[in-house]
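Undergrad: need a 3D model of the following:
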Amino acid sequence: MADLEQARAAKERLRADLAGRPDVRGIGITPDGDGYLLQVNVSARGRSTPLPPAVDGVAVKVRVVGAITASA
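TA: Purely as a prediction, here's the structure:
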């Protein structure tokens with residue numbers, strides 16, 4: 001399991017690697033058992049290049065959230 005510092009470093013690397021991808025809606029860190037993993041929110045599954053299963057030893061979970069719109 002990755003600790004919080006590992007997850008933070010991996011998140012920054014993943015953020016740079018995914019910059020500009022229109023299907024990525026957000027990248028975050030989430031608890032997983034005794035450690036942490038990265039969660040990538042995407043608009044739809046399989047619409048572009050697959051995401052890595054892990055970054056620097058930190059697992060990556062993909063969550064489909066759909067389109068994000070502003071609400072009043």
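
Undergrad: burial measure for Glu65, as a count.
TA: You called it Glu, but residue 65 is Val. By other C-beta atoms under 10 Å, 12 other residues sit near Val65. To be clear about C-beta, it is placed using only N, CA and C from the backbone, and glycine gets the same treatment.

Undergrad: identify the bridge partners of the nearest residue to it once chain neighbours are set aside.
TA: The spatial neighbour of Val65 that comes closest, neighbours along the chain excluded (C-beta to C-beta, 6 or more residues apart in numbering), is Asn41 at 4.5 Å. Taking DSSP bridges as the rule, Asn41 bridges to Gly26, Arg63.

Undergrad: which residues of the chain fall in helices?
TA: In the chain, the helices defined using DSSP state H lie at 4-18.

Undergrad: pLDDT weak spots in it?
TA: 46-48, 68 (pLDDT under 70).

Undergrad: tell me which residue is most central in it.
TA: Of all residues in the chain, the one closest to the mean position by C-alpha atoms, centre = their mean is Val40, 2.4 Å from it.

Undergrad: quick check: it vs Asp34, distance?
TA: In this view, Val40 and Asp34 are 22 Å apart by C-beta to C-beta, to the nearest Å.

Undergrad: also Met1?
TA: 5 Å.

Undergrad: neighbour count for those two, which is higher?
TA: Set Met1 next to Asp34 and count neighbours by other C-beta under 10 Å: Met1 wins out with 14 against 8.

Undergrad: nearest residue to the more buried one in space, please, no chain neighbours.
TA: Gly35 (2.6 Å).

Undergrad: same question, Ala59
TA: Closest to Ala59 by C-beta to C-beta, 6+ apart is Leu37, at 4.2 Å.
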